[in-house]
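Trainee: 3D, please:
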Amino acid sequence: MEISPATDKIEIRPKVLKNGIFVVGHPRSGTSLACQLLQSAGVAFPSDFGGDEYNKSGYFELELGKELEKKLIDKAMTEENVVEMNKIVDRLNNAPGLNGLKIVHMPALFFFRHIAKDKKIRVVFIFRNPADVKSSMFKRGISQFKLNWFDNNNALVAAHENMPKSIVISYEALIQGRPGLKKAFKKLGFNVDMSVIRKDEQTQKNSRIVLTADEQKLYKVLQKLEKNSCR
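Mentor: Okay, here's the model as predicted:
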């Protein structure tokens, strides 16, 4: 916070994020599962939401953070948004140990990258078969999200291309404990315990919901990125 000599107005400036660890993905894509894995490696996720029938182990997300994501997408770094972001940064910086943040509106991640120390953050990107994502959301009574699956995951691709310390993992790989996952997480410096993932928590699979050609094409791109991450 500084006072501008020209206007005598107090300027609110964003605080520096000292050690950013993020789990980023569209809703119902396995972000909470990824948080569980990172938690097994010593990362804490401040959360305002406990578990329920859809996410038995909890949601690993802050209500303030979820609302801020939408505001950042709409209006970028307004003074009000900077104040809210600073609250989250303080919580991550000042809590003991290593702390992470879950993001479901993927373009918002870029704003956290801008305030990160040396612009370096570690990110686990999560994606899932879009048919199963949509079916799972319908099951919860959610017909629309601020960003649709295609736009949100297109932002995932862009973010991964611009953030070297990031991996792309699928929900299906997480729930099945596929080979290569531990290697992918080790690229970010985490030794995860795959036994924390419970297959009986899978909410939806093999949905026959019809997808657009663009959604199918993007899903294949994401699968290729995952293969690269797990090598």
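Trainee: what's the next secondary structure element after the host helix or strand of Leu109?
Mentor: Leu109 belongs to helix 109-115 when elements are defined using DSSP states H and E. Following helix 109-115 in sequence order, the next helix or strand is strand 121-127 (DSSP H and E).
Trainee: For the helix or strand following that next one, what is the distance to the chain centroid?
Mentor: Sequence order places helix 130-139 as the next helix or strand after strand 121-127, per DSSP H and E. Here helix 130-139 is found 18 Å from its chain centre; the criterion is Cα atoms, centre = their mean, to the nearest Å.
Trainee: Report the buried residues of the helix or strand following helix 130-139.
Mentor: Remark: after helix 130-139, the chain's next helix or strand is helix 149-162, criterion DSSP H and E. Neighbour-count burial for helix 149-162 flags 149-150, 152-157, 159-160 (criterion: 16 or more other Cβ atoms under 10 Å). C-beta coordinates here come from the backbone N, C-alpha and C atoms, glycine included.
Trainee: residues touching the closest residue to Leu174 other than its chain neighbours, list them.
Mentor: Leaving out its chain neighbours, the residue that sits closest to Leu174 by Cβ to Cβ, 6 or more residues apart in numbering is Leu33, at 4.7 Å. Counting by Cβ atoms under 8 Å, 6 or more residues apart in numbering, Leu33 touches 126, 171, 174-175, 197, 201.
Trainee: Just the closest of the residues you listed to Arg208, please.
Mentor: Tyr171 (17.7 Å; Cβ to Cβ).
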